[in-house]
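1. A structural model of the following input is requested.
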Amino acid sequence: MVDLVVVGGLGIDVRVRVPALPLPAADSHTVEPIELRIGNTGAGVALAATAVGLRVRVVDTLGADPAGDLVRAALTRAGVPAVLAEDRGGTRRSVNLVDPGGRRTSLYDPRPWRGGPPFAATEVAELVRDARHVHVSIMDWTVPLLPAVRAALPAGVTLSTDLHDWDGENPYHPPFAEVADLILVSGVRLAGRAASLAGTLAPRTVVVTRGADGAELYPGDGSVVPVPPAVPPRPVVDSNGAGDAFAAGLIAGRLRGEPLADAARYAARVAAAACTHDGMEYPPGLLPTS
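-> So this is what the prediction gives:
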């Protein structure tokens, strides 16, 4: 038995510290050393969840390339077991531009999956069946396997997904929402439509995250609960992965039996602490465990 299975979302981040965002127009900028590290959304959830005390397993694809080796090594350091299939297209990667205040812009190279699913439906079902919670990243290879994942979950085991900066209209995202009990989505493209979108997704729980402005919790009963932002315990250096840390904290809180609103406030504290660290390999004691 594991606490959390994260399906999809491994990759590497190429972190570049820039003088400002948007980046000033120029032929070139001199920057701090450019670093490659484990990244992308599934890694962010898995590493933060491990850091707050959950037993985590990851299921995904990686390339047989140096980027994939970097990800495998980071998962090993964190003690996160992974079930991996080879992606002949290579490992997903992002270039993250981070300004002096820790704000970031991500340029994402998804390395689209080619061919049939990398795992048989029966294999994925077996991998998620012994989890207390399953989190599915919105990777293309997972789409045909979503019904099998949902059907494999025992009664009482919940499934979450993060739709990231969905605009509420892109047809790629609804299949993930339809199998989920808990849906996270950034409010960046929703404008004033968050409540309406949450209403269409009810009775699922929807959390609309708004970065440093906190979040809104829609429990699925027509109500809305504001989630105030937490004060970072140290200076913010890198907001990349904050949303993933929020998801990990929310999952951890719920698995501990906390009421939804309490779990969301705890998640905000986890996200705030994550912003004080450069990268997603969190040192012991950085993220709050209660």
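2. Which residues lie in contact with the residue nearest to P229 when sequence neighbours are not counted in this structure?
-> Excluding its sequence neighbours, the residue lying closest to P229 (Cβ to Cβ, 6 or more residues apart in numbering) is G214, at 4.1 Å. In this view, the C-beta of every residue, glycine as well, is placed from N, C-alpha and C. Neighbour list for G214: P226, V227, P228, P229, A268 [criterion: Cβ atoms under 8 Å, 6 or more residues apart in numbering].
3. These, buried ones only, as a ChimeraX selection?
-> For anyone working in ChimeraX, the buried entries among the contacts of G214, judged by 16 or more other Cβ atoms under 10 Å, can be selected with:
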select :227,268
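4. Between the contacts of G214, which sits nearest T161?
-> V227 (18.5 Å; Cβ to Cβ).
5. Does that closest one touch A268 like I think?
-> Yes. Counting by Cβ atoms under 8 Å, V227 touches A268, with 5.8 Å between them.
6. shared neighbours of these two, which are they?
-> With Cβ under 8 Å, 6+ apart, V227 and A268 have common neighbours G214, A215.
7. out of the contacts of G214, who's nearest G156?
-> Closest to G156, out of all of those and judged by Cβ to Cβ, is V227, at 24.6 Å.
8. The closest one: what's it in contact with?
-> Per Cβ under 8 Å, 6+ apart, neighbours of V227: V207, G214, A215, E216, L217, A261, A264, R265, A267, A268.
9. which of those count as buried?
-> Buried, going by 16+ other Cβ under 10 Å: V207, G214, A215, E216, L217, A264, R265, A267, A268, out of the contacts of V227.
10. other SSEs contacting the host helix or strand of R150?
-> Counting by DSSP states H and E, the element that carries R150 is helix 146-152. When contacts are defined as 3 or more Cβ pairs under 8 Å, 6 or more residues apart in numbering; DSSP states H and E, helix 146-152 packs onto helix 121-129, strand 131-136, helix 174-179.
11. can you rerun that using 7 Å?
-> For helix 146-152, the packing partners by 3 or more Cβ pairs under 7 Å, 6 or more residues apart in numbering; DSSP states H and E come out as helix 121-129, helix 174-179.
12. what sits up against the first one?
-> Surrounding helix 121-129, the residues in contact under the criterion Cβ atoms under 7 Å, 6 or more residues apart in numbering are V5, V59, V83, V134, L145, A148, V149, A152, L153.
13. check contacts around the nearest residue to I138 once chain neighbours are set aside.
-> Once flanking residues are discounted, I138 sits nearest to F176: 5.3 Å by Cβ to Cβ, 6+ apart. F176 makes contact with V136, I138, L146, T161, L163, according to Cβ under 7 Å, 6+ apart.
14. So in that sheet, which strands flank the helix or strand that contains V59, and in what orientation?
-> Secondary structure assigned from DSSP H and E places V59 in strand 56-62. Using DSSP bridges, the strands paired with strand 56-62 are strand 2-7 (parallel), strand 82-86 (parallel).
15. Appreciated, that's everything.
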